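In: Provided below are the primary sequence and the corresponding predicted coordinates.
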Amino acid sequence: MFKCEPYLWEENKPTYNPDYLKKLECELQIKFPSEFLNFIELHFGDKPFYSSFKVGKGQSSIAHFLHCQESIDDTFDTYSISEQKEEIDEFLSNKIVPIAITFDSNLIAFDFRYKMAEPEVIFIISSQLEDEDKAIRHISENFHEFLATLENNDDEL
């Protein structure tokens, strides 16, 4: 069982609203993996207990998963999928959808450019966005593999 701890909301976490992601799917003509939809319903805005993952020859850690709520509170707007997506859309394909953020403000995202179902999970180096695709690094073939990588990370014990 994948474990997370509260991050954005220690108390009074908003109720999950699936319409937010359905709207995004329609707009972008994509289909979020069902495993992601089930996961994010429980863990939006949360920090995974095991958060480190390999990217290229290095390693990074997830600060928290982005939330999927319509304007809840201005304080948390910047941590929404839509807000982060707007930040990268100027430089990257609109078929790239951020789902998490690292402690150094880089992003973990789905790359729907080549597969509309079970997209690859990628790492986006925010400071290199102007270099477009050079800012992207592969993490895993799909969301299931990405979660398994986090769960199997013994470095954080």
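Out: Yep, that arrived. Residues are numbered from 1 along each chain as shown.
In: and the residue nearest to the spatial centre of the chain, which of the three is it?
Out: Nearest to the mean C-alpha position of the chain, counting by Cα atoms, centre = their mean, stands residue 99 at 1.5 Å. Following DSSP: H, G, I helix; E, B strand; the rest coil, residue 99 is assigned to strand.
In: Flag the shaky bits of the protein, pLDDT-wise.
Out: In the predicted model, the chain carries pLDDT under 70 at residues 1, 70-78, 153-157.
In: For residue 17, which non-adjacent residue is closest in space?
Out: residue 69 (5.9 Å; Cβ to Cβ, 6 or more residues apart in numbering). (C-beta placed from N, C-alpha, C; glycine too.)
In: and the gap between that neighbour and residue 28?
Out: Per Cβ to Cβ, to the nearest Å, residue 69 is found 18 Å from residue 28.
In: quick one, which of those two is more surrounded?
Out: Here residue 69 and residue 28 are compared on neighbour count by other Cβ atoms under 10 Å; more neighbours surround residue 69, at 22 against 17.
In: host element of that one?
Out: Assigned by DSSP states H and E, residue 69 belongs to no helix or strand.
In: would you list every one of the helices in this structure?
Out: Ranges of helices within the chain are 18-28, 34-43, 81-89, 143-151, based on DSSP state H.
In: Extract the C-alpha trace of the second one and format it as PDB.
Out: Just to be clear, that refers to helix 34-43. Listed in PDB are the C-alpha atoms of helix 34-43, where the atom choice follows Å, rounded to 0.1, in the frame of the first residue of the first chain:
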ATOM      1  CA  SER A  34      -7.000   4.800 -13.900                       C
ATOM      2  CA  GLU A  35      -4.200   4.000 -11.400                       C
ATOM      3  CA  PHE A  36      -3.400   7.700 -11.300                       C
ATOM      4  CA  LEU A  37      -7.000   8.800 -10.900                       C
ATOM      5  CA  ASN A  38      -7.500   6.300  -8.000                       C
ATOM      6  CA  PHE A  39      -4.200   7.500  -6.400                       C
ATOM      7  CA  ILE A  40      -4.800  11.200  -6.700                       C
ATOM      8  CA  GLU A  41      -8.300  11.000  -5.300                       C
ATOM      9  CA  LEU A  42      -6.600  10.000  -2.000                       C
ATOM     10  CA  HIS A  43      -3.300  11.800  -2.200                       C
END
